[in-house]
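Asker: sequence plus predicted model, see below.
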Amino acid sequence: MNVNISFIKLKNNVTSEYHLTKRNWKSKEVQWSDIHKVMSNSKIQYSCYSWLNGYKTYDNWSNDKQSCVVLDIDDGMTISQFQKQYKHLTYCLATTKSNMIMKKGLVLERFRVLLPCINVSTNPNIYFKALELVCDANDTQTLTRTASFLGNDNAIIIYNDAKVLDMYPYNELAELQLQEEETNKLIIDQDLLPNVSRLNVSTIKEKLTFEIVVEVIRSLGYEVNGSKFRLRSDERTDSATINYRSLNIKDYGDGYSNDLIGLLVDKHGFSFKEALSYINNYI
């Protein structure tokens, strides 16, 4: 098994002068059995991302070839706790330079973990939210488009051989959470929507059931069969599905995915407030 990483070779262990580590990044595949050589070399900075023309900036970021993720754990989890919780996954763990050294008034086990993975989302919003969900103790510095990490010559290396991390379920949960975060920011104006009586989006969604979603969709002229219906007029089969649990709607024919509110806005010209008012009539 190989993983794709980006790396830059440093002179004199340059770490603090960011401008000296922006250029000359190269991408290559490394055999999994050799990945510890990267993580234990203090003259190499490595990353699971790539950057256009090897120039590490926010706008140049790409994860099209990403085949691994890197976790950076400074507190909140010990090595033994990580081993127990993630024993089902393949990983290479390497302690960092600050492992068991006083930092911010604390002496803790500090380490990084590189995990091979599949089904990585190339949507940065979904990807970084999904990465956040993989491990609660992961440091926020990994949640940036320029995240890179310095190897440690004295690293303690621990390999684990198990399953490859599948990012798909994390992507699905991340997408749902992002939708919730977006809609929960919006509070309905009572004067504009008197029937809603200042209900917020969460309250509307809490009252939704599968039967109500079906009723609303049918009111828009769709023929719903069980949980399936034909969202696009040019298709021959029912490729859109209502999820019984999340109530989200997904068209497997063209990849469209949204909740009931989004469907009214995207496909039927409702404003956000109009969509909420319309749905409220069926609750």
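Answerer: Arrived safely, thanks for sending. Numbers count the residues shown, from 1 in each chain.
Asker: mind checking the SS state of the closest residue in space to residue 229 that isn't next to it in sequence?
Answerer: Distances taken as Cβ to Cβ, 6 or more residues apart in numbering put residue 222 closest to residue 229, at 4.6 Å, once the chain neighbours are dropped. For glycine as for every other residue, the C-beta is placed from the backbone atoms N, C-alpha and C. Under DSSP: H, G, I helix; E, B strand; the rest coil, residue 222 falls in the coil class.
Asker: which residues touch residue 222?
Answerer: Neighbouring residues of residue 222 by Cβ atoms under 8 Å, 6 or more residues apart in numbering: 229-231.
Asker: in a markdown table: the residues you listed, plus pLDDT and neighbour count.
Answerer: Output for the contacts of residue 222, formatted as a markdown table (pLDDT from 0 to 100; neighbours: other Cβ atoms under 10 Å):
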| residue | pLDDT | neighbour count |
| --- | --- | --- |
| 229 | 90 | 20 |
| 230 | 88 | 18 |
| 231 | 88 | 21 |
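Asker: between these, which is nearest residue 248?
Answerer: Comparing those against residue 248 with Cβ to Cβ places residue 231 closest, at 12.9 Å.
Asker: how many residues are close by residue 242?
Answerer: 20 (other Cβ atoms under 10 Å).
Asker: isn't residue 132 right next to residue 139, touching?
Answerer: No: here residue 132 lies out of contact with residue 139, judged by Cβ atoms under 8 Å, at a distance of 10.6 Å.
Asker: quick one on the thing from earlier: from the contacts of residue 222, pick the one nearest residue 4.
Answerer: Once Cβ to Cβ is applied, the member of the contacts of residue 222 that ends up nearest residue 4 is residue 231, at 36.4 Å.
Asker: name the nearest residue to the closest one, sequence neighbours excluded.
Answerer: Per Cβ to Cβ, 6+ apart, closest to residue 231 is residue 240, 3.8 Å.
Asker: pretty sure that neighbour is touching residue 249, no?
Answerer: Yes: here residue 240 reaches residue 249: they are 6.2 Å apart, a contact under Cβ under 8 Å.
Asker: which neighbours do the two share?
Answerer: Contact with both residue 240 and residue 249 is made by residues residue 231, according to Cβ under 8 Å, 6+ apart.
Asker: give the buried residues for the helix or strand hosting residue 6.
Answerer: Per DSSP states H and E, residue 6 falls inside strand 2-9. For strand 2-9, the neighbour count (16 or more other Cβ atoms under 10 Å) marks 3-8 as buried.
Asker: all helices of the stretch 151-283 of the chain, in order?
Answerer: 168-183, 201-207, 210-219, 260-268, 272-280 (DSSP state H, counting those that start in this stretch).
Asker: apart from its chain neighbours, what residue comes closest to residue 128?
Answerer: Per Cβ to Cβ, 6+ apart, closest to residue 128 is residue 143, 4.9 Å.
Asker: for that neighbour, what are its contacts?
Answerer: The contact partners of residue 143, by Cβ under 8 Å, 6+ apart, come to 128, 131-132.
Asker: and residue 155, by the same measure?
Answerer: Counting by Cβ under 8 Å, 6+ apart, residue 155 has contacts 36, 39-40, 94-96.
Asker: could you do residue 171 as well?
Answerer: By Cβ under 8 Å, 6+ apart, the neighbours of residue 171 are 119, 121, 126-127, 130.
Asker: just the buried residues of these.
Answerer: Buried by 16+ other Cβ under 10 Å: 121, 126-127, 130, out of those.
Asker: residue 46: which of the residues you listed is nearest?
Answerer: Residue 46 lies nearest to residue 127 out of those, by Cβ to Cβ, at 18.3 Å.
Asker: pretty sure that closest one contacts residue 61?
Answerer: No: Residue 127 sits out of contact with residue 61 when judged by Cβ under 8 Å, with a separation of 10.3 Å.
Asker: low-confidence stretches in the chain?
Answerer: When residues are selected by pLDDT under 70, those of the chain lie in 12-19, 184-200.
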